[in-house]
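> let's see this in three dimensions:
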Amino acid sequence: MFKVEDLGAVVRVTLQRAPVNAISTEFIAGFMQVLDGLSAKKDLTVLHLRSDQKAFCAGADLAQVQSCFAIDNGADVMRENITHFHALFDRLEALPCVTLAEIGGSALGGGFELALSCDLRMASTSAKLGLPEAKLGLIPGAGGTQRLTRLCGPGTAARIILGCDVVDGATACQLGMVQWAVAPADLAQEAEKLAQRIAAQSAPALQVAKRCIAQAGKLAADGFEAELNGIHTLVTTVEAKTRIQAFLAPRA
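Purely as a prediction, here's the structure:
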């Protein structure tokens, strides 16, 4: 599911779970193993995430989500599953190296939450980004409500989360959701150039600067807990079950 390339101070991780890098329990476990393997790499300055699928990451595996509606303790299982999302995204955010998400295709729901846990995001102008979980009777409960609000402010967060707006890369850059938007044909080259440019800087200085930036915009644990409790409640509703079934039906 992951291709790891050690390029010296840069490690490039390519997401390879066909067809859209849907995030499942196995995907998270595999990603954690990748990070475990990088923990001993002392010269790691930049972790560069990308995809070789048509999407950067389409979000949570909805078949796995739907299975929670079929069991009596489904809400508890769903909450537990989302804690694993939080654990992965928190770990990514806390890495001492600089993290860069290269978004060539869709980054929706949990896929955009994955990108939000990175320091830097470069998107194709044609990429689609958003947190449309309300369409399914759910919320972006893996840090999306908190990280997007911290990044872009409550106005833009409300547009994307409450309005279920899915925007292209150019608009996402205007809104501050990503820092760069480039032509699709140039994305891979520009992301690689950016990763190498950052890797040429002082690694200790980058680490200290990253810690200082994080301190200025520190997220509260209460916000993440509210997400988990919200997911737990929504998974018990007929509304969410019906909407997810309707979404998955054409794909069956």
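
> pretty sure Glu102 sits in a strand.
Yes. When DSSP: H, G, I helix; E, B strand; the rest coil is applied, Glu102 is found to be in a strand.

> in the helix of greatest length in the chain, what's buried?
Longest helix in the chain by number of residues (criterion: DSSP state H): helix 74-94. For helix 74-94, a neighbour-count test (16 or more other CB atoms under 10 Å) marks 74-75, 77-79, 81-82, 84-86, 88-89, 92-93 as buried. The way it works is simple: take the backbone N, C-alpha and C, and place the C-beta from them, glycine included.

> also stretch 91-110?
92-93, 95, 97-110.

> which parts of the stretch 101-250 of the chain are helices?
Along the stretch 101-250 of the chain, the stretches classed as helices by DSSP state H, counting those that start in this stretch are 110-116, 144-161, 169-175, 187-199, 203-216, 221-234, 238-248.

> those helices into JSON lines, with extra columns for distance to His48 and mean pLDDT?
Formatted as JSON lines, the helices of the stretch 101-250 of the chain follow (distance: least, CB to CB, whole Å; pLDDT from 0 to 100):
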{"stretch": "helix 110-116", "distance to His48": "13", "mean pLDDT": "98"}
{"stretch": "helix 144-161", "distance to His48": "20", "mean pLDDT": "97"}
{"stretch": "helix 169-175", "distance to His48": "17", "mean pLDDT": "98"}
{"stretch": "helix 187-199", "distance to His48": "5", "mean pLDDT": "98"}
{"stretch": "helix 203-216", "distance to His48": "14", "mean pLDDT": "91"}
{"stretch": "helix 221-234", "distance to His48": "26", "mean pLDDT": "84"}
{"stretch": "helix 238-248", "distance to His48": "32", "mean pLDDT": "85"}
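
> tell me the most buried of those?
Burial of the helices of the stretch 101-250 of the chain is given as mean neighbour count (mean count of other CB atoms under 10 Å); helix 110-116 ranks first at a mean of 29.

> run through who's touching it.
21, 23, 49, 55-60, 85, 88-89, 92, 101, 103, 107, 121, 129-131, 140, 142-144, 147-148, 151, 177-178 (CB atoms under 8 Å, 6 or more residues apart in numbering).

> same deal with stretch 69-82?
Residues contacting stretch 69-82 (CB under 8 Å, 6+ apart): 25, 64-65, 67-68, 141-142, 227-229, 231-233, 235-236, 240-241, 244.

> let's see that with 10 Å instead.
If you take CB atoms under 10 Å, 6 or more residues apart in numbering as the criterion, stretch 69-82 is touched by 23-25, 28, 60-61, 64-68, 110, 138, 141-143, 224, 227-238, 240-242, 244-245.

> ok, back up a step: I'd like to know which of the buried residues of helix 74-94 is nearest to Gln215.
Glu93 (12.8 Å; CB to CB).
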